[in-house]
Structures are given as structure tokens and as C-alpha cells.
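K.L.:
pasting the structure only:
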Ligand SMILES: [Fe+2]
Ligand SMILES: [Fe+2]
């Protein structure tokens, strides 16, 4: 086992920290049994063309090679320390960043880290059956890439817990392997991570919208005054970019296939593709589910985390002012059947401030999909991002019913039209019926266009996944 530990790529001087080594020695076999039990179903002996993080050098931080997933080298990397870092926001603005956990913020930091960490194994569990029905070898490789890297993100967070939180941290690390996505007695912490993902359209929507929430959460933590957390999350973001690409371009290719058929006057439903209204409902569902992950619009927790210097804003450096004490944020909230304006102290609106950045980014992707529609020859039809008031389960808008344009409507109207706006059982059954494995080199399923280019300069038809004995 000691030898196995030495083979963990890292830049945290693992070999010089006996206590940490012992903790990881205990945790590592449990991680591997977790992977075997609820990681990707099948393909464990296949050779997958995977990227592995091996250093933090901007050029050459990763290598690409054929790897069997259980032999993936899950490493521990922190972005390099850039001189004497200062806390960039909140009450302690300008003071030196912390290398160790400050006692008064211990509980809050542990909660922040555990909540983030829990999403990493959860998504692997959610997606475990999808390899069997992958639309191409290219996509099969991509989902496994995402899965092993979410596994590495779990390692990254477990490192923080074990290195900085003593016995509590070790217990939390075990709990992270004990909870299960969708379980009734030990579910994952956040709701969206308990939703089943049993078709590839859901997977692409998840990687587009839900993993993108992760990008914004990680970006806010990359500003943290707790320096090891800031440096860990900064490095995670380099891998995360590929996950978001997989989601955004996956949806784009589904849209392209549908659009090509429509432009030829053919019905996508009769030709093994996904009708545009079904794509819109999947978009509505996953976007709104992911909006909830940012938390309530008005939040004293968010204010406390900002004040303490634990969680900043997206690109805090670009903000004109870093204490956020005198400004307010204007919200519209439902009250007695009408929308009313509310001014809240900016610190209490930090969840909403982060959500603003996220919504902008999602709109950019929807614009791209609409360009694909037009380019393929579909005119007069487009996809739309619903209002952030629609279909919310968290915050003031969860207390009323809205249509996708954000207009207050009666509960009866909402129920009558829900089937136009959100995924129906019929949609689910239809999309699921399209899921057939296409594991032949260079071939792609009927419901999705091939990608424009391959991975790491390889051709689209490259053998991204090889059978065990090839
Ligand atoms: Fe992740
Ligand atoms: Fe991710």
C-alpha cells in the first residue's frame, strides 16, 4: 500500500507527511471499492484514452494515454502559491490568507468543503449506466474522462479534509463514500445530485447546466481566504472546463441532428432524433434544477461566508470594491399574488450575484445552439432559457407558480401546462428508447451529429476505447 501511495501524483509533499499518508492509506482501498460498486458499470478492464493530471505546469499539466479506469492515477494538486496571498474580500480584506483553518471558521469551512465534495462522487453514481448505451466511442471516452476526474475532485476535497480537519475530517471522508445518489436513507446532500440520469440527453444537460453550477461554486471558492481551498479549487477548474465542453457541445450536436432533419422537412420523431420541444423541456428542467443549487436569493449564510472571507464572488478581483458593505441588490419577489421589488444588503444577495454570472453563461450557450439551428436551415424556431423564477424549489419564487416567461400564474394554470414545459413521462420513454450502444469505431447514433473534431488532436474516428484484450 505504501508503494501505491507513492504512485499518487501530487505536489503536496505527500511523502513528507506521515499522518496524512496513514489517513489516505485507510481511505484509498475504500475509494476503490466504492468505484467498483457504484462507478461506471462495465468497461473496467477496457483501455480508455484518458487524460491524467500529472503536474500544475500550465503547458503540460496532463498526459493522454490508454488507461484502465481502476488503474487511473488519481492525484492531489494545488495550484502554485503565488507569493504572499492576501484575503481578497470581506471583513478581513487585505490581511494575509490562512494556510491553516482558523478556529472560528472551522465549522463553516468544513460544511462548504463537504457540500462541494459530495457532488463529485454523486455525479459518478448518477451516470454509472450510461456507458452501456453510449452514442459513439468518442462520447464513451468523454463520459469516462468526466467520471475519473470527478473521482479526482473527490480526492482533492478529501485531501483538504484529512490534512486540515483532524478526526472530523477523516469521518467526513468516510461519509463521502457512504452516501449514495438517490438513496432514501443516505442520499447525497444536494437535490439535483439525487436525480436519475439514465439517458444521454440528461447527461449532456447535466454536464452543461449542473456541472456549470460547479464551475461557479469552485470559482467563488477559488477566491477563499483559506489558501489551500483556493489553490485546490483553482486547479480543479482546469479539468472542469472539459466537462462543460462535453455538455455544451453534446447538446449542440443533438440540436444539429434535429435541425438537419427539420431543414429537410423530415420529422425528427420519425427519424430517430429528438424533437425540438423535447430538447426545450430537458433544457427547462435541468436549468431550473441547477439554479436551485446556488441557494436562496436572500441568504444570511452567504453573507456570513462572504464577511468571513471564505467564499467570494466570481472573479472578485474585477469587482470595484471588496467589502460589499454599503451597496444593496434589487430583487423581485412574489408577495400576495404580485411581484414586488425588494432591496437587500448586497452581502445577503451573494447567491444571487453568483447566479447572475451563471445565467449569463447559460444564455451564451443557448445562443450558440440557436446559431446551430439557423446554420442548419431552421428559421423562426429557437431554444430559450426560461425565467429564473420558473420551476424553483428554493428561494421566494418556490412559494408561487410562474410560467417560463416569469409571469405569476395560478397553480391550476401551472398544472394544466406543466407538460408543455417540463419533461414528461412520454419524453423520458421516447428518449430512453433512442438509447442504443454505438461502440463501433467512427459510427455515431441516429439522434446526434458527429463531433467536429476528436480529442487531443486525434481523429473523430479514433479508437478512444479498446476492448480489454486489444
Ligand atoms: Fe468536479
Ligand atoms: Fe465536473
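P.N.:
That came through, no problem. Please read these numbers as outputs of a predicted model, since none were measured by experiment. Ligands and ions are numbered 1, 2, ... in the order given.

K.L.:
what's near enough to touch the residue nearest to residue 7 when sequence neighbours are not counted?
P.N.:
Take residue 7 and drop its neighbours on the chain: the residue closest to it by CB to CB, 6 or more residues apart in numbering is residue 73, 6.5 Å away. Glycine gets a C-beta too; all of them are placed from N, C-alpha and C. Shown in contact with residue 73 (CB atoms under 8 Å, 6 or more residues apart in numbering): 7-9, 52, 54.

K.L.:
run a quick neighbour tally on the closest residue to residue 80 other than its chain neighbours.
P.N.:
In space, and not counting its chain neighbours, residue 80 is closest to residue 56: 5.8 Å by CB to CB, 6+ apart. The number of residues packed near residue 56 is 15, by other CB atoms under 10 Å.

K.L.:
coming back round to it: out of the contacts of residue 73, who's nearest ligand 2?
P.N.:
Of all these, ligand 2 sits closest to residue 52, with 15.7 Å by CB to the ion.

K.L.:
can you pull the contacts of the closest one?
P.N.:
9, 62-65, 67, 72-73, 75.

K.L.:
could you write me a ChimeraX select line covering just the buried ones among those?
P.N.:
Filtering the contacts of residue 52 down to the buried ones (16 or more other CB atoms under 10 Å) takes a single ChimeraX command:
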select :9,67,72,73,75
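
K.L.:
how about the residue of the chain found nearest ligand 2, phi and psi?
P.N.:
Residue nearest to ligand 2 within the chain: residue 243 (3.6 Å; CB to the ion). In terms of degrees, to the nearest 10, the main-chain angles of residue 243 are phi -60, psi -40.

K.L.:
was I right about it contacting residue 147?
P.N.:
No - at 10.0 Å, residue 243 and residue 147 do not qualify as touching, with contact defined as CB atoms under 8 Å.

K.L.:
returning to what we had before: could the contacts of residue 73 be laid out in JSON lines, adding distance to ligand 2?
P.N.:
What follows is these, written out as JSON lines (distance: CB to the ion, whole Å):
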{"residue": "7", "distance to ligand 2": "24"}
{"residue": "8", "distance to ligand 2": "20"}
{"residue": "9", "distance to ligand 2": "19"}
{"residue": "52", "distance to ligand 2": "16"}
{"residue": "54", "distance to ligand 2": "19"}
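
K.L.:
return the subset of the residues you listed lying in strands.
P.N.:
Judged by DSSP state E, these include residue 52 as members of strands.

K.L.:
pick out the lowest-pLDDT one from the contacts of residue 73.
P.N.:
Of all the contacts of residue 73, residue 7 has the smallest pLDDT value, namely 73.

K.L.:
that one: neighbour count?
P.N.:
When neighbours are counted by other CB under 10 Å, residue 7 registers 10.

K.L.:
any idea how far ligand 1 is from it?
P.N.:
Distance, residue 7 to ligand 1, using CB to the ion, to the nearest Å: 22 Å.

K.L.:
any idea how far that residue lies from residue 23?
P.N.:
In this view, residue 7 and residue 23 are 17 Å apart by CB to CB, to the nearest Å.

K.L.:
got the phi and psi for residue 401?
P.N.:
The phi/psi pair for residue 401 (degrees, to the nearest 10) is phi -110, psi 140.

K.L.:
excluding chain neighbours, what is closest to it?
P.N.:
Among residues not flanking residue 401 along the chain, residue 414 sits closest, at 3.9 Å (CB to CB, 6+ apart).
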